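In: Need the 3D shape of this:
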Amino acid sequence: MINHKRIGRQIRELRMLRGWKQYELAEKVGLSRPAICNIEAGKRSLTLNTLKKFCEIFEIDISYFGIETNSFDDAVDVLSRIDALFNSDLPKEKKDELYKKIMKIYLDSSDN
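Out: Have a look, this model is predicted:
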């Protein structure tokens, strides 16, 4: 499970070590300054793709945030496959069914 508060603190530390202001980091990542503020405070969750952007900007491996690289790559692969399914010619009923199944998996995992 991703610990957003810890990751937010780590991002703040990395930013400050480089002497960057929040707005400077925001420009580099492609987010707003308030979004950076909320991320650093642990009030905003991060997608894996956004976290990857931070890694590229800070020139660090995602494992710095306690996320195993293989898990990250697997998650990105799953997301790209889901994206392809939802953007395919799949009938709307099938897309709705797929969405419900994905949400059930997510909700079931949130209980743990």
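In: count of neighbours near Arg44?
Out: Neighbourhood size, Arg44 [other CB atoms under 10 Å]: 16. C-beta here means a position set from N, CA and C on the backbone, and glycine is covered the same way.
In: What does the pLDDT read for it?
Out: Looking at Arg44, its pLDDT stands at 87.
In: Let me know the secondary structure of it.
Out: Under DSSP: H, G, I helix; E, B strand; the rest coil, the three-state class of Arg44 is coil.
In: which ones are touching it?
Out: Contact analysis of Arg44 by CB atoms under 8 Å, 6 or more residues apart in numbering lists 4, 35, 38.
In: separation between the second one and Phe54?
Out: Applying CB to CB, to the nearest Å, one obtains 12 Å for the distance of Ala35 from Phe54.
In: Show me which of those two is the more surrounded one.
Out: More crowded of Ala35 and Phe54, by other CB under 10 Å: Phe54, with 24 against 17.
In: Name the residues that touch whatever helix or strand the more buried one lives in?
Out: When elements are assigned from DSSP states H and E, Phe54 belongs to helix 48-58. With CB under 8 Å, 6+ apart as the test, helix 48-58 has contacts from 7, 11, 14, 18, 25, 28-31, 46, 61-62, 64-65, 67, 72, 75-76, 79.
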